Structure formats: C-alpha cells, structure tokens
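Visitor: this is a predicted model, with the sequence first.
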Amino acid sequence: MTFLQGPQEAYAGNNAKRHIGFGGGWEVGGLRDRGISPLYYSGHHALARAGYYYISDSTLAGISTNFSWGRIIPAIYPGPDGSEMKSIRGSLDFRLLRYAGNLFGEKIRLHAGGTMASSFGFYEHNNLMNSARKSYSFSTINVTGSLSGDINITGRDFRVSFTAGIPVLSFIVRPAHSYIKPDGFLDHNTGKLRSLFSSIETASMKSYTGAGTEISVEHTLDSGNKVRLAYRWQYSDHRSVNRLETGMHGISVKTLFSL
C-alpha cells in the first residue's frame, strides 16, 4: 500500500513544469499475518522509485511506482529455528491535488485532493508448507493533503514538504485463513479473471484503515533538475477473519529531471 509518491511543490506564474524522476533507498518494516503466525515479522528492504510529475501554479499531479524487496524475521524470539520470509512489495499511484490557499501569510502553501493507489505484497515462509506463500492486493481511494514552504540554508534554497493521506474506500484481494490463494480461486470451474473479480472485497474504514506520511527536502540544481531527500511512513490494517497489519518506514533519494 502506498499513499505518498507524488509532486510536492508549486511554482509562481502560469507555466507548467513536467519532471520524470528516478531514485532508490532503504526501508525497514514488515507485517503480522495471522494466517501464518501471530508474530510480527520485520526486516530491511531495498527500495526503487520512479514517476512522472506535472506541476503548475494550481495543480500537482503525477503517476508513480515503488518496488521493494528484502527478508523479514520474527521481531520476537528471532533466530532459534531460522524462520524468515522473503518479502516483495510494489505499488502504482495516481495523484491529483489542487491549490487550496496559504497559511501564515504567504509562507506555506496548502494543496488538497486525492490519490488512487494500487499496491501488492508477496511473502514466502521458509519453514512452512501449506501456508508458506501469501500475497495481498489493496486498491484504495485516498484523501490527501500537502503543505510546502521554502527555506534558505547557507545561501541555498530548499523546498520542504509534508504530505499525508488516508484511505476512505478500498478494494482488497487476499486469501482467508491460511490458504495460499484468494477465496474466488477455490471454484476451479471458473476462469482466472472471473475468480479474481469474485475475490474482491469492498471495504470502508470500518474494516480497513491506513495512513501514510512523507516529509521531503528538495533542492533545484543549476541545470533545472532537482534532488529530493524523503522520509516515508506507512501503516495499514485489514481486519478480517485473517487479520493483516503492515507497517513500513524508510529514506529515499530521487533525481527529478526537467522535461
């Protein structure tokens, strides 16, 4: 699940700016899937990020993707039996925010809007058999807001941004209990596409909650390209017969090339 990958600045004037960005970093976090174990598994992940961003005086929009991979171990009593899980995560987000005014005079700009995000996760336990492999897919509609302002450090200008979002409607595909596939695939007489649609759970905030924040510091180079350092935190909780809680936080560096 990802709420926070997108443009976080605005420009004076009417000229629109377009950027394509690439970067990477490190994340730490994990999950508690009660279909596998009551323990919380956590560990380190390598992170890759990319996106396309449209920025004008009134609009922040973009499409972005994240991909991370690593290994996670029990956070309690790690090591005695060598238990670990291979963890792979990915996401694809589309964001549209509109200018909503200033705070504290002209120092801080406020943008508000929404995000459509699709995320997936795959993990495989090394010591289990029937429930060794698990996956999930969350597609969410999120309410998102962003605050941004400029600061000067040692004669250099930086843009500092804070973004937060929460899901209000979610579409979930994941197995119940310890079965390795979603429930729709239990009917072997249907095709895979029909099985997929029959597995979708539509969830409100009553059964699925989440939140995400990102703080970034960005500097514009003489070439017009930008370098962004960001810290991101995410959390989700799907309360079903097989409850799944996930959490992740990490640091990334990205270069945004001006088009």
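Guide: Sure thing, it's come through. Numbers count the residues shown, from 1 in each chain.

Visitor: how about the helices in the stretch 151-259 of the chain?
Guide: 192-198 (DSSP state H, counting those that start in this stretch).

Visitor: how long is stretch 70-87 from one end to the other?
Guide: 5 Å (CA to CA, to the nearest Å).

Visitor: please state the offset of that stretch from the chain centre?
Guide: Per CA atoms, centre = their mean, to the nearest Å, the displacement of stretch 70-87 from the mean C-alpha position of its chain is 23 Å.

Visitor: go through stretch 200-217 and flag the buried ones.
Guide: For stretch 200-217, the neighbour count (16 or more other CB atoms under 10 Å) marks 201, 203, 208-216 as buried. The C-beta positions use only the backbone N, C-alpha and C, and glycine is treated the same way.

Visitor: one more: stretch 121-135?
Guide: By 16+ other CB under 10 Å, the buried positions in stretch 121-135 come out as 121-123, 125, 131, 133-135.

Visitor: for Val143, state which of these is nearest.
Guide: Gly121 (22.8 Å; CB to CB).

Visitor: report the beta-bridge partners for the closest one.
Guide: Arg89, Tyr136 (DSSP bridges).

Visitor: next one: Gly24
Guide: On the basis of DSSP bridges, Gly24 is bridged to Ala48, Val253.

Visitor: tell me how far the residue nearest to Lys86 when sequence neighbours are not counted lies from Ser56.
Guide: Spatial nearest neighbour of Lys86, chain neighbours left out: Glu124 (4.7 Å); criterion: CB to CB, 6 or more residues apart in numbering. Distance of Glu124 to Ser56, computed by CB to CB, to the nearest Å: 44 Å.

Visitor: try Leu221
Guide: According to CB to CB, Leu221 and Ser56 sit 21 Å apart.

Visitor: of the two, who's got more company?
Guide: Taking other CB atoms under 10 Å, Leu221 and Ser56 do not tie; Ser56 has more neighbours (17 against 11).

Visitor: the more buried one is in contact with Ala16, isn't it?
Guide: Yes - the criterion here is CB atoms under 8 Å, and Ser56 meets it with Ala16 at 4.1 Å.

Visitor: so which bits of the least confident helix or strand in the chain by mean pLDDT are buried?
Guide: Among the helices and strands of the chain, helix 192-198 carries the lowest confidence by mean pLDDT, DSSP states H and E, at a mean of 75. Neighbour counts over helix 192-198 (16+ other CB under 10 Å) mark Ser195 as buried.
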